[in-house]
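Peer 1: Sequence plus the predicted model coming up.
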Amino acid sequence: MSIASNKYVIGNWKMQARHDHGLKLAREVTENLEQAPPPPFIKTVICPPYTQLSEIHKNLAHHESPSCPALGAQDCYPAPSGPFTGDISAKMLVDLGVTYVILGHSERRQNHGETDAAIRQKVKAATAAGLIPIVCIGEHLAERNEGRAASVLARQIEGSLTRGFRGIVAYEPVWAIGSGITPSREELQRKLNVIHALLPMRLMVDDFRVPVLYGGSVTAAQTSSLFSIKGLDGVLVGSASLEAKSFLDIIRAATESLSSSPS
Ligand code: PGA
């Protein structure tokens, strides 16, 4: 599967949609995308909580439309199976129709003490199971203000990506997540340049280009401006993915922006 030439709009629902809300949200998003499909190079993905994956997958399967959103999970365990109470393996996600998995989100790094090394093990497991890993990286506010963002990004890329990585990287400055604050275009462009310059050290000697997304307080209002930034391949959306209208507005804004100035 070629993932390098696509643009992405990915919704991370976190632990925020109860069962009925999640099913309704997935249905509304799917029905709207079927009625007005985005161009095929725009990939939409929704990442509900584990408990909703199976039923949402069954509902999506009824649609059989290429414009249906793909299904992503928010984490997986590195081992394929075993006595790991409360954990879910990458293969179990594949059984449920999942094709993407978010790994190393800053909320997991912070709340579950996930290290770069642990995230790299998850990347290996996800890739072995056939999932596309979406690995989150990003600096804290103090690291940014002390001018250490580039070294943090280098450490996270070196530590959490596998050699020959075939997945997606999401740059999510921790200070932008859920804060309503986003980096300026200039700052984001600088960080993307740093990331694109660092990525080849984790790649094989081929020309695979890792898609790099931005995440942190994304709304429809900034989407066109974001998609016009060089080296940005999509957005990872938290709060604004919890309502069909705001998520669809982001997909529409991305479509308009990319159709008017294809990169
Ligand atoms: P936010 O979350 O859009 O609510 O800031 C983004 C994320 O954490 O992936």
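Peer 2: Received, thanks.
Peer 1: Check which helix or strand the spatially closest residue to Ala244 that is not a sequence neighbour maps to.
Peer 2: In space, and not counting its chain neighbours, Ala244 is closest to Glu28: 3.7 Å by CB to CB, 6 or more residues apart in numbering. The way it works is simple: take the backbone N, C-alpha and C, and place the C-beta from them, glycine included. Element membership for Glu28, per DSSP states H and E: helix 19-35.
Peer 1: next one: the helix or strand immediately after that helix in the chain to chain centre, how far?
Peer 2: The C-terminal neighbour of helix 19-35 among helices and strands, as given by DSSP H and E, is strand 42-47. Centroid separation for strand 42-47 versus its chain: 9 Å, with CA atoms, centre = their mean, to the nearest Å.
Peer 1: Kindly report the same for stretch 190-203.
Peer 2: For stretch 190-203, the distance to the chain centre is 17 Å (CA atoms, centre = their mean).
Peer 1: returning to what we had before: relative to strand 42-47, how tilted is the helix holding Glu28?
Peer 2: Helix 19-35 and strand 42-47 are oriented at 170 degrees to each other (axes from the mean of the first three to the mean of the last three CA atoms, to 10 degrees).
Peer 1: just checking, what packs against helix 19-35?
Peer 2: Packing partners of helix 19-35 (3 or more CB pairs under 8 Å, 6 or more residues apart in numbering; DSSP states H and E): strand 42-47, helix 50-63, helix 244-260.
Peer 1: Return the most buried member of the ones you listed.
Peer 2: strand 42-47 (a mean of 24; mean count of other CB atoms under 10 Å).
Peer 1: Any part of that strand near the ligand?
Peer 2: No: Strand 42-47 lies out of reach of the ligand by CB under 6 Å from any ligand atom, never closer than 9.0 Å.
Peer 1: Give the partner strands of that strand in its sheet and their orientations.
Peer 2: strand 7-12 (parallel), strand 70-73 (parallel) (DSSP bridges).
Peer 1: Check which residues of the following helix or strand past the shortest one are buried.
Peer 2: Pointing back at strand 70-73 there. Downstream of strand 70-73, the next assigned helix or strand under DSSP H and E is helix 90-95. Neighbour counts over helix 90-95 (16 or more other CB atoms under 10 Å) mark 90-94 as buried.
Peer 1: all strands for the stretch 151-263 of the chain, in order.
Peer 2: 168-171, 212-215, 234-237 (DSSP state E, counting those that start in this stretch).
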